[in-house]
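Asker: Quick one, what's the 3D model for this:
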Amino acid sequence: MIFSRLPIIAGLALLAVCSCRDRGGRFIDQGEIHYNIEYIKTAGTLSNDLKPKTLVVSFNKDKILFEITVPIANQGIINVVNPERNIYDTYINMLGVRYYYPGHEGETHPGFSSMEGVEIRKTDKRKTICGYSCKNAEATFPFDRTHIYDLWYTNDIRVRNSNGSNPFKEIDGVLMSFYYILGGSILKFDAETVYKKEIPEKAFERRHKFRPVSKNDLDKIITDMVNL
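Answerer: As a prediction, the model looks like this:
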């Protein structure tokens, strides 16, 4: 009986090592970060239970994969950043719609038109998230400069240019707690788990069977999807 429980105990021990309680390992350059998504404000009528609940960011040095999926049918939004192959793609798979936009280096991914004009001010505040030492920055947006959105980021995870394709390009570290404004909705992302693991090169390759569309079209599709 004791020996039959060993695999379970070993599995729990591995989760403990990789969880936010004990960190996934300082200065790792390959692995995954899992974020919880909280809907601070929603503009649509669709229940939040049917909207994306998690963001998974996979990374291997300067290659990054962002995956936001809905609870059913493995649908959602994918961003792929692979500087080695000049891939800066955004994909959407929702209700049979499969579109993508092939971006370029330094370009912000579609979906962030509501965040244009963001202003960022770094502060001296510090705190620990998932065992990682994090710095603070404050973001404001043109539609309301009086409201401050706290951003927390760490330099203890080695991902080069981790924000090169999102609105927070000025942040020189991996975001651990942050906000996205998508149309009339405000989403908060909080890191819950960091895993140190090998991420295969194929994860950062260009996807197939997606129809190319313009950036403006994909921006509108993503914004409308979040604000259903």
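Asker: next structured bit after the lowest-mean-pLDDT helix or strand in the chain?
Answerer: Using mean pLDDT, DSSP states H and E, the weakest-scoring helix or strand in the chain turns out to be helix 6-18, at a mean of 45. Using DSSP states H and E, the helix or strand that follows helix 6-18 in sequence is strand 30-41.
Asker: mind listing what's buried in the next helix or strand after that next one?
Answerer: Downstream of strand 30-41, the next assigned helix or strand under DSSP H and E is strand 54-60. Counting neighbours by 16 or more other C-beta atoms under 10 Å, one finds that the buried residues in strand 54-60 are 54-55, 57-60. Using the backbone N, CA and C atoms, a C-beta is placed for each residue, glycine as well.
Asker: residue contacts, residue 222?
Answerer: Residues in contact with residue 222 (C-beta atoms under 8 Å, 6 or more residues apart in numbering) are 77, 90, 92, 110-111, 182.
Asker: Contacts for stretch 110-117, please.
Answerer: Under the criterion C-beta under 8 Å, 6+ apart, residues 77, 90, 101, 103, 141-143, 166-167, 180-183, 215-216, 218-219, 222-223, 226 lie in contact with stretch 110-117.
Asker: Strands of this structure, residue ranges please.
Answerer: Along the chain, the segments classed as strands by DSSP state E run 30-41, 54-60, 63-69, 76-82, 87-94, 97-102, 119-129, 132-141, 144-154, 174-182, 185-196, 211-212.
Asker: Take these and lay them out in CSV including mean pLDDT and distance to residue 205.
Answerer: Shown next, in CSV, are the strands of the chain (pLDDT from 0 to 100; distance: least, C-beta to C-beta, whole Å):
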stretch, mean pLDDT, distance to residue 205
strand 30-41, 95, 16
strand 54-60, 96, 12
strand 63-69, 95, 10
strand 76-82, 96, 7
strand 87-94, 94, 7
strand 97-102, 94, 13
strand 119-129, 97, 31
strand 132-141, 97, 29
strand 144-154, 96, 27
strand 174-182, 96, 22
strand 185-196, 95, 21
strand 211-212, 96, 16
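Asker: Could you dump these into JSON lines with distance to residue 202 added?
Answerer: Formatted as JSON lines, the strands of the chain follow (distance: least, C-beta to C-beta, whole Å):
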{"stretch": "strand 30-41", "distance to residue 202": "14"}
{"stretch": "strand 54-60", "distance to residue 202": "11"}
{"stretch": "strand 63-69", "distance to residue 202": "11"}
{"stretch": "strand 76-82", "distance to residue 202": "11"}
{"stretch": "strand 87-94", "distance to residue 202": "12"}
{"stretch": "strand 97-102", "distance to residue 202": "17"}
{"stretch": "strand 119-129", "distance to residue 202": "30"}
{"stretch": "strand 132-141", "distance to residue 202": "28"}
{"stretch": "strand 144-154", "distance to residue 202": "27"}
{"stretch": "strand 174-182", "distance to residue 202": "23"}
{"stretch": "strand 185-196", "distance to residue 202": "18"}
{"stretch": "strand 211-212", "distance to residue 202": "21"}
